[in-house]
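# Okay, here's the prediction I keep looking at, along with the sequence it came from:
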Amino acid sequence: MLRWLIGGGREPQGLAEKSPLQTIGEEQTQNPYTELLVLKAHHDIVRFLVQLDDYRFASAGDDGVVVVWNAQTGEKLLELNGHTQKITAIITFPSLESCEEKNQLILTASADRTVIVWDSDTGRQVQRISCFQSTVKCLTVLQRLDVWLSGGNDLCVWNRKLDLLCKTSHLSDTGISALVEIPKNCVVAAVGKELIIFRLLAPTEGSLEWDILEIKHLLDHQDNILSLINVNDLSFVTGSHIGELIIWDALDWTMQAYERNFWDPSPQLDTQQEIKLCQKSNDISIHHFTCDEENVFAAVGRGLYVYNLQMKRVIACQKTAHDSNVLHIAKLPNRQLISCSEDGSVRIWELREKQQLAAEPVPTGFFNMWGFGRVNKQASQPVKKQQENATSCSLELIGDLIGHSSSVEMFLYFEDHGLVTCSADHLIILWKNGERESGLRSLRLFQKLEENGDLYLV
Amino acid sequence: MISAPDVVAFTKEEEYEEEPYNEPALPEEYSVPLFPFANQGANPWSKLSGAKFSRDFILISEFSEQVGPQPLLTIPNDTKVFGTFDLNYFSLRIMSVDYQASFVGHPPGSAYPKLNFVEDSKVVLGDSKEGAFAYVHHLTLYDLEARGFVRPFCMAYISADQHKIMQQFQELSAEFSRASECLKTGNRKAFAGELEKKLKDLDYTRTVLHTETEIQKKANDKGFYSSQAIEKANELASVEKSIIEHQDLLKQIRSYPHRKLKGCDLCPGEMEHIQDQASQASTTSNPDESADTDLYTCRPAYTPKLIKAKSTKCFDKKLKTLEELCDTEYFSQTLTQLSHIEHMFRGDLCYLLTSQIDRALLKQQHITNFLFEDFVEVDDRMVEKQESIPSKPSQDRPPSRSLEECPIPKVLISVGSYKSSVESVLIKMEQELGDEEYKEVEVTELSSFDPQENLDYLDMDMKGSISSGESIEVLGTEKSTSVLSKSDSQASLTVPLSPQVVRSKAVSHRTISEDSIEVLSTCPSEALIPDDFKASYPSAINEEESYPDGNEGAIHFQASISPLELGETEEGSRENTPSQIDSCCIGKESDGQLVLPSSPAHTHSDEDGVVSSPPQRHRQKDQGFRVDFSMENASPSSRDDSCEGFSAYELDPSHLLASRDISKTSLDNYSDTTSYVSSVASTSSDRIPSAYPAGLSSDRHKKRAGQNALKFIRQYPFAHPAIYSLLSGRTLVVLGEDEAIVRKLVTALAIFVPSYGCYAKPVKHWASSPLHIMDFQKWKLIGLQRVASPAGAGTLHALSRYSRYTSILDLDNKTLRCPLYRGTLVPRLADHRTQIKRGSTYYLHVQSMLTQLCSKAFLYTFCHHLHLPTHDKETEELLASRQSSFLKLTLGLVNEDVRVVQYLAELLKLHYMQESAGTSHPMLRFDYVPSFLYKI
C-alpha cells in the first residue's frame, strides 16, 4: 500500500500469499465507526473490560489498576488502586433488588493473591480478601444464590458479605482456568484437560451449612481447555488448545456434539518436538467463543468459525481472519461479528447466507493447507455433508478498525456508545459512530443554547 | 507625469519651513489634495520628522531636590533609541508641567506634618523644537528624608507622533496608572518600613536620653537644673514630639489603603490588610501598640540606633534611588510593566488603531474565532463573562461601559476633524459640563466638607500657577482629581472630599500659544505648582522664554476625540463619582471596578517554558473591560512570570516596527525562543497541545508563514488536496530528511490548521519517533523525520499502518498521498496563479477566506432546523437531505468542501459545549475514503 514510501517494495509477502488474508482497503462504506477517542490511564497491558451499566465500563490490566470510564464522553471517572500485581479476573456483582445496598460492586482478583471488592459508584474499597493460597484466576457470580465463586487452585464460595461459605479441596496446581454456572446449582470448572462439575448445596432445613460437592469429571478433551461458555440453558461449549470443540448437555453433562475437524491428534503427537508444529497447534487453539440462538462462533487460531447448533457442523469460516491469533469475538445483534486479534486490529464481519450451491466448499478440514497427512480422508466427510445441505453462509469483512499498535486483548460493545477496545499498548480506544455523535452533539448544543436562553425559534 | 515631490510630502520640515511651497501647480485633474498639516511636519510619513530619536520610548524623570529635574532611565534602555535627544532638557520640560497638588508640610490648623495622597496627573505635552510629544504621568513617592517627605517623579511616553499620544491617551493613561500604582504600592510599603525604623530609633533615643536625664537628676539633687540638664530635657521633648509626628505619619500611610481602596476589592492581600487596619483602629487607639501586628512589620529585626539631636542637612546625604524608594520587587515589576507598555504602543498609530478595530470585530465573533485566529482574544471573553455578572451589586452602579458603550475606536484622522480641532472648543465645553456635574455631586454627596478652606488653598495655588508663566498652557483637561488635604488623620477614615468646585476655570480657556510647550491635556485639572517648585526653580520657567517664538511652528493639535466620545468618557466618570470621588481618572475607575480575582488562569507559572493555561491578554482596548490583574499588591512575581512568558511580542500584534533595525534583534530572539519552545513541546508527545502561542502571532511570523505558504502553493501542483486535508481535519504528515525545510513548511501550512480551542494550533513541528494513534488525535499537522536507517522502517511502518488517518506529503520525493479533492474552496484560498506577492498580504487573504469559511460553518452549526427534526414524524433521511441541501445550495459548497464545513462545525460544537463542560478530549474523526498518490 505504501510501497512507494518504503522505497523498494520489499514488503514481506510470504505470509500474505500463503494464507490470503482478506483485506478491505480504505473505502468501508458499511463501517460506522468514524470517530475515535484514545483513553490513556494504564501503564501496562489492558486485559479486561467489563460493562458496569449503560454508560460506564471498567478496565483492568497488568498494572493492577482498575479504571472506571464514561463510555459516552471518554471521561475517566474513577481510578481504583489497591492491587500490587496484575489483575487476573474482574467481574461485576450487580446489586440485588431487595437489598438495601444499591451499590454495584466490582470484584477484582490479582496475582498478588487478593480479591478486592470495590464500590463502583464511589470507588471505595469495600473489602479486601487476602487469605488465598493461590492466585484467583476466575470469578463468577451466581446471582440466583447471591454468592460468588473464586477459582484458583481450589474453588471457594463467598456470599455478598464476603464470608467464605465453603471451599473445595486442592484441585490442581494449574488451577481453574474457566468457570461457568450451569443449571441445578451446578458450576462447571475447566481444570487443565478436564472439566469438573460441582454442585453447590445451599443451606436447607436439614443443614445450615453451605457445601460444594464434586459431581463429575469429564475427560474428553485431549488438551488444555482454553474456553468455556454457556450456549443456552441446556448446553455449554468448551474449546481446547488443539482445536476440539465440544458441546455438552448442561443437565446430564453428556457430549452433544464433538467437532473434531479442528483437530487431528496423531500428527500432533508425532511432531510435538517440532517448533513449527507447535506453532500450528497454536493456530488451532480455541481462544474464545461467542454464540447466539443458532450458532456458536469460535475464534480458532487466526480464523473464525461459525458452528451451527442444529446442523452440528461448521457453516462458515474465515481461515485467516487476522494476521495473528484472534483473542476475543462478539456477536452483534445485526448479524455482525466483531473480532480482535494479536495483530492489533479489530475486524467487523457480517454473516451472509450464500444461496448458490456452486460456492466454494466450506473448508471444514482446514488443516489441508497445512499439509497434514491424514487430513484428506477426514475432510471428505464434511464436504459431503455440506453438499447435502443447501444453505451455507459466509463471513464477509465489512470493516476494520486500526488504532492499536499492539495486540487487542478485548473489546466491549455498547449499543449506544460504540465499541471499546483495550490493548497491550496500554491504551483503550473508544470507537464511535461519527454521524450519530455529530447528531448528538448538535442536540446538546441546542439544549445548551436553550438553557442559556439563546435559542430563537422562528 | 506626476513628479514625486508633488504627491510625496516632505520628510524634513526644517527645509520646508525655510523655503515655502512654491512649485508650479499641477493641472487640476492631477492634483491630489495635500495633507493639510504638512506644514507642521505631520505628513503621513513624518513619523520621525524632526525628532531626534528613532522610535518611541519611555522616560522616567525625577525632580530632585538636590539637582533639579533629571532623567533617571529610559525604556528601552538603549542609547540608540533616543539618539541625540536631550533627555535632560526634556526632563525639565515634563517635570515643569506637574499639576499635582502636592501639599506638604504643616497645613494651617494642623499640628503635625500631613501626607497627601495625591492622584497622579496625566498630561500630554508637545515640544515642537524637539519634535517630541509626550504623555506625561506624574506621581509622587514618599521619602522620609526628602523635603516634605515627597519626591516628585514622572513617567513619560515620548513619541514623535502627536496623534498617537492623543488617540491612545486613555490606553496610555490606564497602562501608566497601573505602573504608577505598582510603584506607589511598593513605595508605601517601603515608606512604612522606613518610618518604623525611624520610630524605633527615636524610641531608643528617648530611652537613652531619659536615662541620662535621670542620672543627672540623681547626680544633683540640689533642686535646680544645670544648663546641661535643661538641654537634655529639651532634646527629650523634641524627640517626644518627633515620635508623635512619626507615629502620626505611620498611621497616615497605613490608613491609605483603607481610604483609597475602599469599596474596590483590589487584591485579597491588601484587603486583609485593610481589615486588619480597620480592626486595629477600632480596638486600639494607642498608636504605639498598633505598630506591631502589621503587615509592614514583617521584616527582619532591626537594631535601633541613636539619633543625633541635630540632623544632617539634606544636601549632605545621598538621596534614595527609585529602586530603594520602592521595594525592589515592585520596582522590577514596574519596569516589566513599562516595557510592556513600550511594546504595546510600538508602531504606527494607524496600525494600532487598525488592530484595535480588528480585535473589536473579532470579539464579536467569539464563537468562531478560536478556529483560525490567534490567541489574543482569549481572555476578552472571560472578561465579558465577568462583566455579565454584576461585579459589585452593593454599589448599585450600572455595569458601566459595556461592549456597546465602548465602540470600536474611531479613526478620526480625517481632515475635517483636524480643522475643527484647531478651534479647540470641544474640550472646553466638556470641561464646563464636567464642572457642573461635579458641583452637583458635591452638593448632594458631601457633608463634612468645608469648601471655604479648600477654596483658600486652591486660590493660593492658582495664583501660583498663574505666576508660573505663560509658557505653559493647558488646552484641555481630562478629568479632575482630588487633593486630599485632611486636617485630621482620624477623619481620613471617612470618604475624602475633592475640591472639584474650584477646578480652575483658567486652565480651560485656551489662549494662543506663545511658546513651544503646550499642555494639551491634563488629567487632574488643578494646576497646582508646588511652592517648592516655584521657589527653588524659577529658572525652569524662565527658560521657556528663551526658546524661539514658535507662533507658527507651535503645535496646534488636540485630542481628536469626538464630542460624543468625550461625553461618554465624562459619563463614565460621572457614574463613578458618588462612590469613588477621589479617583476620577478612568484607569483608576476601572481598576477598582473590574478586578478579577487572581484566578489560576491568571497566575499561571511557566517555569518550564510551556504554559498550561491560555495566555492572558495583557491589554484590553476598552476601558470598561480593563482587567486589573491584581498583581500589584498580591503577588509581585506573578506578573513577572506572565510578562516574561509572553513578552508583548506575541501578545500584541501591534508593533509595526517603528524602527526595524532595533526591533529586529529582539524579534529574532523571540523567534528563536518560539521555535525552541515549540520544539520542547513537540518532543514530548504525551502532552496536550500546549497553550503556548504557536508563534504565528507576531507579524514577522505571519509574514514568513504567508510567504512560505505561497511558495508551497506555487511549487506543488497538489497543494490543494494537501490544504484540503488540513481544513478537513485529516492529519497531514510532512515527511522529510531536512529538519529546517520540514519545520519551515509546517510553520507555513499551520495557517490552514483549525484550532481545537483556545490553545495552540494542533501542530507538531518535528517528530522523529514513530507516530502513534494518539498523535493523530492530538496533532493535525506533523513534521516527521525520514530516517534512512533500518530504525526508520518502524516510522514508515507506523505511517502505513495508520495511513487511513493521514495524508502524507513527502518532501524528498515530492509526492503527496491523500484523498481526492474536487471542491472549489481551496482553489480560491490557494491559487497558484495569485497576484499576491507579499507574505503578509497572503496571510491576510487566507485569514479573510477562512473567516468566510468560519461564518459558513457557524451558520451550519447553529441552524436549528438542520440538526433537529421540526416535528416528531420527520425521519432522519429527511433531516440528512435538508442538511446536504443547505450545505450545497445555501452555502454553495461543492463536493469535498462539505466535509470542511462539517469538520469545522464539529469543532464549533465541541468548543461551544466545552466552554462550560470543562475538559473535553479532542476526538479523532476520519472517513473511510481512498487515497491517491500525487506526483509532480
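Here it is on my side, so go on.

# wait, is residue A:253 part of a helix?
No - per DSSP: H, G, I helix; E, B strand; the rest coil, residue A:253 lies outside any helix segment and is coil.

# Wait, it touches residue A:218, no?
Yes - between residue A:253 and residue A:218 there is a contact under Cβ atoms under 8 Å: 6.3 Å. For glycine as for every other residue, the C-beta is placed from the backbone atoms N, C-alpha and C.

# Looking at the stretch 1-150 of chain B, which residue is nearest chain A?
Nearest residue of the stretch 1-150 of chain B to chain A (Cβ to the nearest Cβ) works out as residue B:122 at 40.7 Å.

# Confirm that residue sits in a helix?
No - per three-state DSSP, residue B:122 lies outside any helix segment and is strand.

# okay, now it: neighbour count?
Look at residue B:122: counted by other Cβ atoms under 10 Å in any protein chain shown, it has 30 neighbours.

# hang on, it packs against residue B:136?
Yes - counting by Cβ under 8 Å, residue B:122 does reach residue B:136; the two are 7.3 Å apart.

# Tell me the residues of the stretch 51-200 of chain A that contact chain B?
Residues of the stretch 51-200 of chain A found near chain B (Cβ under 8 Å from any Cβ of the partner chain) are A:73, A:74, A:75.

# Look up phi and psi at the first one.
Dihedral angles phi and psi of residue A:73 (degrees, to the nearest 10) take the values phi -100, psi -10.

# Just give the number of residues close to it.
17.

# End to end on stretch A:307-325, go ahead and measure it.
19 Å (Cα to Cα, to the nearest Å).

# buried residues in that stretch?
Within stretch A:307-325, the residues scored as buried using 16 or more other Cβ atoms under 10 Å in any protein chain shown are A:307-309, A:311, A:313-322, A:324-325.

# next one: stretch A:323-340
Per 16+ other Cβ under 10 Å, stretch A:323-340 contains these buried residues: A:324-332, A:336-340.

# how about low-confidence regions in chain B?
B:1-51, B:98-117, B:220-225, B:256-302, B:308-317, B:374-697, B:758-760, B:915-921 (pLDDT under 70).

# The helix ranked longest in it packs against which elements?
Counting residues, the longest helix in chain B under DSSP state H turns out to be helix B:169-219. Here helix B:169-219 touches strand B:121-127, strand B:132-142, strand B:150-159, helix B:227-260, helix B:322-325, helix B:328-344, helix B:586-593, going by 3 or more Cβ pairs under 8 Å, 6 or more residues apart in numbering or on different chains; DSSP states H and E.

# what is the rounded mean pLDDT of stretch A:88-103?
Here stretch A:88-103 scores 75 as its mean pLDDT.

# Same check on stretch A:322-336?
For stretch A:322-336, the per-residue pLDDT averages 89.

# got it, and stretch A:428-443?
Mean predicted lDDT for stretch A:428-443 stands at 90.

# does any part of that stretch sit near chain B?
Yes - applying Cβ under 8 Å from any Cβ, one finds stretch A:428-443 in contact with chain B at A:429, A:432, A:434, A:437, A:438, A:439, A:441, A:442, A:443.

# OK, contacts around the third one?
Spelled out, it's residue A:434. Contacts for residue A:434 (Cβ atoms under 8 Å, 6 or more residues apart in numbering or on different chains) come out as A:32, A:33, A:34, A:35, B:925, B:926.

# so residue B:91 touches residue B:69, yeah?
Yes - taking contacts as Cβ under 8 Å, residue B:91 lies within contact range of residue B:69: 4.4 Å.

# Helix, strand, or coil at residue B:842?
Residue B:842 ends up helix, using three-state DSSP.

# burial count for the residue nearest to it when sequence neighbours are not counted?
If the residues on either side of it in the chain are set aside, residue B:842 comes closest to residue B:706, at 4.1 Å by Cβ to Cβ, 6 or more residues apart in numbering or on different chains. By other Cβ under 10 Å, the residues close to residue B:706 number 24.

# which residues sit in contact with residue B:706?
B:748, B:751, B:838, B:839, B:840, B:841, B:842, B:843, B:844, B:846.

# just residue A:66 next, same as before
So residue A:66 contacts A:58, A:59, A:60, A:79, A:80, A:83, A:87, A:90, A:106, A:108, A:118 (Cβ under 8 Å, 6+ apart).

# Show me those that map onto strands.
Judged by DSSP state E, the subset of those located in strands is A:58, A:59, A:60, A:79, A:80, A:87, A:90, A:106, A:108, A:118.

# phi, psi of the closest residue to chain B within the stretch 201-350 of chain A?
Residue nearest to chain B within the stretch 201-350 of chain A (Cβ to the nearest Cβ): residue A:344, separated by 8.1 Å. Per-residue torsions, residue A:344: phi 90, psi 10 (degrees, to the nearest 10).

# quick one, what contacts it?
So residue A:344 contacts A:402, A:404, A:405, A:406, A:407, A:408, A:423, A:425 (Cβ under 8 Å, 6+ apart).

# at 6 Å instead, please
By Cβ atoms under 6 Å, 6 or more residues apart in numbering or on different chains, residue A:344 lies in contact with A:404, A:406, A:408.

# Residue B:913: which of the contacts of residue B:706 is nearest?
residue B:751 (26.2 Å; Cβ to Cβ).

# measure that closest one to residue B:839 for me?
10 Å (Cβ to Cβ, to the nearest Å).

# The stretch 251-400 of chain A: helices as residue ranges?
Using DSSP state H, counting those that start in this stretch, the helices assigned to the stretch 251-400 of chain A run over residues A:265-270, A:275-283, A:375-388.

# burial of the residue of the stretch 101-250 of chain A found nearest chain B, as a residue count?
As assessed by Cβ to the nearest Cβ, chain B sits closest to residue A:123 within the stretch 101-250 of chain A, at 18.6 Å. Number of residues near residue A:123 (other Cβ under 10 Å) recorded here: 16.

# contacting residues for residue 306?
Reading this off chain A. Taking Cβ under 6 Å, 6+ apart as the test, what residue A:306 contacts is A:295, A:297, A:315, A:316.

# That was the other one, I meant chain B.
residue B:205 are the contacts of residue B:306 under Cβ under 6 Å, 6+ apart.

# phi, psi of it?
Phi and psi for residue B:306, reported as degrees, to the nearest 10, are phi -80, psi 140.

# Closest residue of the stretch 651-800 of chain B to chain A?
Relative to chain A, the nearest point of the stretch 651-800 of chain B is residue B:800 (3.6 Å; Cβ to the nearest Cβ).

# how near is that residue to residue B:84?
66 Å.

# Neighbour count: these two, which is higher?
More neighbours surround residue B:800 than the other of residue B:800 and residue B:84, with 17 against 8 (other Cβ under 10 Å).

# I'd like the distance between residue A:253 and residue A:142.
Relative to residue A:142, residue A:253 is positioned 18 Å away (Cβ to Cβ).

# Tell me how many other residues crowd residue A:135.
Count around residue A:135 with other Cβ under 10 Å applied: 18.

# pretty sure it contacts residue A:111?
Yes - here residue A:135 reaches residue A:111: they are 5.1 Å apart, a contact under Cβ atoms under 6 Å.

# Overlap in contacts, these two.
Common neighbours of residue A:135 and residue A:111, counting by Cβ under 6 Å, 6+ apart, are residue A:88.
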